[in-house]
Structure formats: C-alpha cells, structure tokens
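Participant: What follows is a protein structure lacking sequence information:
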C-alpha cells in the first residue's frame, strides 16, 4: 500500500512509497554521517580547552535555568553605577554608601579621581564584589562568594533595568536563547507577622519532627496573613511585568522568565510569609512571566541547617493547598561538601527536598553520594523527571568539589535529567560557555549527543507555562543545531 500517491492532471507523475523510502533513507544516511563527523571532531578537540571554547562559543545552548539576577551581573556594572552616582567609599573597609557615616575614612569617588587614587580603589572594590584576582589561599572561598551580595546590594538594587538588558545581550552573544532568572520577592515587611509564640511552637514541632503539629501551626499563620499577601504578590507580578515589557526583553530570538526567590535565613514565620508570598505571586500571575519559586542563601548557615526540616515541611504544606499545587519550584539542596558540616548532615537534604518538599528540580545536589539510599533517590528522580541543575564552576569554587568527586556521572548513569547552568556568572566571572568546556574536558564519558540532550533538557525542564512557547523554543533549537553543525562541517577541520 502506498503511503501517499500524487498524480498530475495528465496522470503521468506518480510518487510512490518506494521513492519516498529512498528519499528518507538518503536523508537518514546523510544525517547519520553528519552526526558521526561532528562527534569525531568533538572527540578530537575535547582535550584542548581553547578548541572546546571556540566550539561551545558557537554551539546553541538553549537555556540557563539556575542563575541569580544580582549575582549574574558582572561587578564592572555595579562599580560603574556607584562611581557615576559619586557615592562615598570607606577607604578602610571599602564599604560604599550614598551618604557617609561618621569618620574621616569616607571619601567621594570624584575626590579619589581628583587625587589620582580612584583606579586603585576600583580595583580593590572589584575584588570585594566578585572573585576577581582571588588567590585561593588568603580567605575562605565560600565566605568570599556569599559576602559579595550584601556588599554590592547598594548597586544591584538600583540597576535591575540595566542588569536585565545586560544579561539578555550577553546570553544572545553566547547563543543562549532562554534565561530563567531568580529575583527577590518584596513587600513581606508590610505584612504583620503572627509573633514569637508561633515561632516557638514551630521550633518545638521541629524538634519533635511533629508533622501534624507543624501543619496546624502553619494553618494558623496562613489564615492570619493570606488576605494581606495577595495584593502584595500582585504588586510583585506587576513590577516584573512592567520591567520586562518596558525593555522588550522577549523577542523572536530570546525569552526570559522569572523565579521568585527568598532567603532561608530568618525566623520561621518570616520565612513562611516570604514563601507564601512567592507561591501566591506565581499562582496569581497572568502574564506567564513569573514561573516558579526557589529558596536561597548558604545551605550550611546555622539557621539554614537548623530549620531545613521545617522549611521542607513548609514547601509540602503550600504544595498541598489546592490553589497553589500547580506552582513549580526548584530547591537549592545538597550544596554541601564533606568538612563543611557534620557528616550526618550530608545524608538527607536532597532526600527531603525530593520526597518531602516535592521539588520539581534540584539545584546543585553535590552531596548526593553521601545521601541515605542514593540509588533509590536517583531512581526516583529519574522516574519522576526531577531534573538536576549542574553548576560545575560554582561547585568547584564554593565547595571545592570537581572532577570525579562531583556526582554528575552518578546522575547521568541513573538517567536523571541534567541541565547545565551558571549559578552566579558575574560574581564567579564565568559564563555558560565555560561550564560546557569544563563538562567536556573533565567527563570523557559524556558524548556530544549527551551534551545536546542536556541543552534540550534546559527547555524541556524549564518552568515555562506556555506549552506553545516551549515547542517554539525546541523547534528553534533544532534549526540552530542544524546550522551550527553544518557550519562546523563546512570548515573541513573536523576530519
């Protein structure tokens, strides 16, 4: 039976299934040959970082799903802002303020320019606001990293507009077509908190691992603040939407979406209020721009560690609310290494984020080999399509975990969906290209085909709400990879 038959008016032209089969086989053989040639070239260059950089600079990379807005901006942008505003800098501590505190150490940047010392202070400020020139000896790398954020807050909170444009332009230049940006949630301080007694009760419930009591207390907090939360959540949505459309962030070649993120450091009732605010903002958003939630701050912080169980219960509680159960969230979990915390603390954070909190994706997941029943956990993540966001340079800098100490190959062997991301490219002075270079040069069992799959995963496991948009971005990747591979093959250097 013919697949189809086409006949001209004269009845003399027939295209049968036989001819179609020949065409398909010919196309398939060409595609297979191209794939073999690309992979052959990739294998040829994978021990040379310069050649890998040139290769990945041109390769379409889909999306970056794990990056923090303030940490993604390079320090030069922040320094330029405070210099242009002619703020004051403390010549001893390098703190920057709009108005000086008491003391002779406070000097305007214009004064530094006049006496010829501005360049020196800018260079030192760059070292405080990023990892530039870090020697890996004089100061703990994890402390340096996390301390940058409050230091450059005076600039980051005032450069959101230019920051979004900077990130878009850099992404497009690196052939990244989608960014999922973590940004702060605001207005929680305008909500009157339930007070200390409920915090004490939550502490007692956590000590006893009493899930029923925890849920009842969270009910009390939820019911007391929910009406106040909704309008503030909408204000956050409107703020993001206004910025996004004002600067025409989306276009035919690029898309950006947002996760509302909040710190895990604070009193339990405060954290729950922020969490509820973020969930409501995603649920109430009608623009499809705000697509998910995350929780941030150092996982090994004393409060983060002490309240981790409670925070996971909070996520579970909100997910079980009928009006919020469609809200997606990625959780920083397992961003820990041996020596940072007691060994037993490495055994349960990813488990709790997956099984208790119900995370849709996991960020970092570095302590996986130490987790209780890691194989069962990996199988569960694979079966339920819970993607892992791999941040290679971030994990190396902050946790001192790289090479075969990193669990990426465990995730791969158990078929957990992998996406490659940057974390904080500005603070770390890195980019998505470098992450792929590290991936290819360090993990020789990962093929070019695997890397393409990771790229496609960045769209598949994004939190984009619009199914048609996901399909369009995937189709664009098909076209972009075809053009990229043809470009590589056309050079003739792949042989």
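Facilitator: Happy to help now that I have it. Treat the numbers as computed from the prediction; the structure is a model and nothing was measured.
Participant: Can you show me the strands along this structure?
Facilitator: Under the criterion DSSP state E, the chain contains strands at 63-68, 88-90, 96-97, 106-108, 178-184, 255-263, 290-296, 330-333, 361-364, 387-390, 418-420.
Participant: I'd like the distance between the most centrally placed residue in the chain and residue 219.
Facilitator: Closest to where the C-alpha atoms of the chain average out (CA atoms, centre = their mean) is residue 66, at 0.7 Å. Using CB to CB, to the nearest Å, residue 66 is found at 32 Å from residue 219. No exception for glycine: its C-beta is placed from N, CA and C like everyone else's.
Participant: Could you do residue 257 as well?
Facilitator: Using CB to CB, we find residue 257 at a distance of 31 Å from residue 219.
Participant: can you check residue 56 too?
Facilitator: As judged by CB to CB, residue 56 and residue 219 stand 50 Å apart.
Participant: wait, what's in contact with residue 281?
Facilitator: For residue 281, the contacting residues are 185, 233-234, 236-237, 260, 290, by CB atoms under 8 Å, 6 or more residues apart in numbering.
Participant: one more time with 10 Å
Facilitator: Listed by CB atoms under 10 Å, 6 or more residues apart in numbering, the contact set of residue 281 reads 185-187, 229-230, 232-240, 258, 260, 290, 293, 327.
Participant: Leaving out the residues flanking it, which one is nearest to it?
Facilitator: Spatial nearest neighbour of residue 281, excluding adjacent residues (CB to CB, 6 or more residues apart in numbering): residue 233 at 4.0 Å.
Participant: same question, residue 371
Facilitator: residue 350 (5.2 Å).
Participant: for residue 481, same thing?
Facilitator: Nearest residue to residue 481, sequence neighbours excluded (CB to CB, 6+ apart): residue 60, at 5.8 Å.
Participant: Give me the neighbour count for the one you found.
Facilitator: By other CB atoms under 10 Å, the residues close to residue 60 number 20.
Participant: distance of it from residue 53?
Facilitator: Per CB to CB, residue 60 is found 16 Å from residue 53.
Participant: One more: residue 102?
Facilitator: 50 Å.
Participant: Report the contact partners of residue 401.
Facilitator: Taking CB under 10 Å, 6+ apart, one finds 335-338, 364, 366-367, 392, 394-395, 407 in contact with residue 401.
Participant: How far does stretch 442-452 stretch from one end to the other?
Facilitator: Taking CA to CA, to the nearest Å, stretch 442-452 runs 17 Å from one end to the other.
Participant: just to revisit the earlier point, got the confidence number for the residue nearest to residue 281?
Facilitator: pLDDT for residue 233: 97.
Participant: Hmm, it is touching residue 290, no?
Facilitator: Yes. At 9.3 Å, residue 233 counts as touching residue 290 under the criterion of CB atoms under 10 Å.
Participant: Looking at the two, which is more packed in?
Facilitator: The neighbour count for residue 233 versus residue 290, taken as other CB under 10 Å, is higher for residue 290 (29 against 24).
Participant: can you list the domains in the chain?
Facilitator: Using automatic domain parsing, the domain parsing of the chain gives 73-155, 158-463.
Participant: mind checking which of the ones you listed is nearest residue 482?
Facilitator: Distance to residue 482, taken as CB to CB, is lowest for domain 158-463 among the domains of the chain, at 11.5 Å.
Participant: Endpoints of that closest one, how far apart?
Facilitator: End-to-end distance of domain 158-463 (CA to CA): 27 Å.
Participant: ok, now stretch 423-438?
Facilitator: 15 Å.
Participant: Quick one: residues contacting residue 52.
Facilitator: Going by CB under 10 Å, 6+ apart, residue 52 touches 42, 45-46, 433-434, 436-441.
Participant: which of residue 257 and residue 219 has more neighbours?
Facilitator: residue 257 (26 against 11).
Participant: If you drop the residues flanking it in sequence, what lies closest to the more buried one?
Facilitator: residue 291 (4.6 Å).
Participant: isn't the one you found right up against residue 259?
Facilitator: Yes. Using CB under 10 Å, residue 291 is in contact with residue 259, at 6.7 Å.
Participant: what touches both of those two?
Facilitator: Here residue 291 and residue 259 have 180, 282, 328, 463 as joint contacts, going by CB under 10 Å, 6+ apart.
Participant: which of these tops the neighbour count?
Facilitator: Tallying neighbours with other CB under 10 Å puts residue 180 at the head of the shared contacts of residue 291 and residue 259, with 27 neighbours.
Participant: and the nearest residue to that residue once chain neighbours are set aside, how many residues sit next to it?
Facilitator: In space, and not counting its chain neighbours, residue 180 is closest to residue 65: 4.6 Å by CB to CB, 6+ apart. Residue crowding around residue 65 was assessed by other CB under 10 Å; the count is 28.
Participant: sorry, back to before: quick one, what contacts the residue nearest to residue 257?
Facilitator: By CB under 10 Å, 6+ apart, the contact list for residue 291 reads 180, 257-260, 282, 285, 327-328, 462-466.
Participant: try residue 273
Facilitator: By CB under 10 Å, 6+ apart, the contact list for residue 273 reads 185, 187-189, 191-194, 221-222, 224-225, 228-229, 232, 262, 266-267.
Participant: In ChimeraX, how would I select the buried members of those residues?
Facilitator: The ChimeraX selection below is limited to those of the contacts of residue 273 classed as buried (16 or more other CB atoms under 10 Å):
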select :185,187,188,191,193,194,221,222,224,225,228,229,232,262,266,267
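Participant: quick one: which of the contacts of residue 273 sit in helices?
Facilitator: Those of the contacts of residue 273 mapping onto helices are 221-222, 224-225, 228-229, 232, per DSSP state H.
Participant: Including distance to residue 355, could the residues you listed go into TSV?
Facilitator: What follows is the ones in helices among the contacts of residue 273, written out as TSV (distance: CB to CB, whole Å):
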residue	distance to residue 355
221	24
222	23
224	29
225	28
228	32
229	27
232	31
